[in-house]
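Here is the input, now give the coordinates:
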Amino acid sequence: MNLKKIRIIKLKIVKNNKGDILKYISIKMKGIKKFEEIYFSEIKKRNIKGWNLHTQAYCHLAVPYGRVKFIFMSKDRKNKKTVILSKKNYKLVILPPNIWFSFESLEKISIVANYVNKVHVPEETLKNPIH
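Numbers count the residues shown, from 1 in each chain. A predicted model of the protein is given here:
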């Protein structure tokens with residue numbers, strides 16, 4: 001899978017004196033796959049989660065809290081792409097299947113939101129600690 005197929009979409013933040021509203025997923029967004037599971041992954045500073053590769057699922061990744069460095073790598077491990085997401089850089093990464101990825105918190109605690117178009121099945125996710 002070519003890393004050029006990764007889509008990055010700027011997300012909307014609605015300012016509010018009592019606390020901002022961070023938009024995440026809308027049916028109106030182009031390229032959004034059907035919903036089956038949403039989860040939030042907490043990660044502590046300097047910790048790395050990954051490497052993971054989904055063979056069928058699309059991941060829709062955003063960071064509403066903290067700051068996270070994502071590294072995406074082609075299945076053949078020849079090409080890499082790095083993206084840092086946070087509230088200041090509030091974007092949605094649509095990650096197609098067959099791309100390795102890992103992520104690291106750059107803050108004390110960060111939260112990664114992941115909207116997945118398939119319910120998690122362990123056999124569908126490859127894991128490889130190739131830091």
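
Now do the same contact list for the nearest residue to Lys10 once chain neighbours are set aside.
Of all residues not flanking Lys10 in the chain, Lys91 sits nearest, at 5.4 Å (CB to CB, 6 or more residues apart in numbering). Just so you know, the C-beta spots here come from the backbone N, C-alpha and C atoms, and that holds for glycine as well. With contacts defined as CB atoms under 8 Å, 6 or more residues apart in numbering, the neighbours of Lys91 are Ile8, Ile9, Lys10, Leu11, Ala62, Val83, Leu85.

And the pLDDT for Lys91?
Here the pLDDT value assigned to Lys91 is 97.

returning to that earlier point: mind putting the contacts of Lys91 in JSON lines, neighbour count included?
Rendered in JSON lines, the data for the contacts of Lys91 read as follows (neighbours: other CB atoms under 10 Å):
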{"residue": "Ile8", "neighbour count": "15"}
{"residue": "Ile9", "neighbour count": "14"}
{"residue": "Lys10", "neighbour count": "9"}
{"residue": "Leu11", "neighbour count": "19"}
{"residue": "Ala62", "neighbour count": "23"}
{"residue": "Val83", "neighbour count": "18"}
{"residue": "Leu85", "neighbour count": "26"}
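
Just name the closest of these to Ile43, please.
Nearest to Ile43 among these: Leu85, at 12.0 Å, using CB to CB.

elements contacting the helix or strand hosting the closest one?
Per DSSP states H and E: Leu85 is located in strand 80-86. When contacts are defined as 3 or more CB pairs under 8 Å, 6 or more residues apart in numbering; DSSP states H and E, strand 80-86 sits against strand 59-65, strand 67-74, strand 91-95.

neighbouring contacts of it?
Outside strand 80-86, the residues that reach it (CB under 8 Å, 6+ apart) are 3, 6, 8, 61-63, 66-74, 91, 93, 106.
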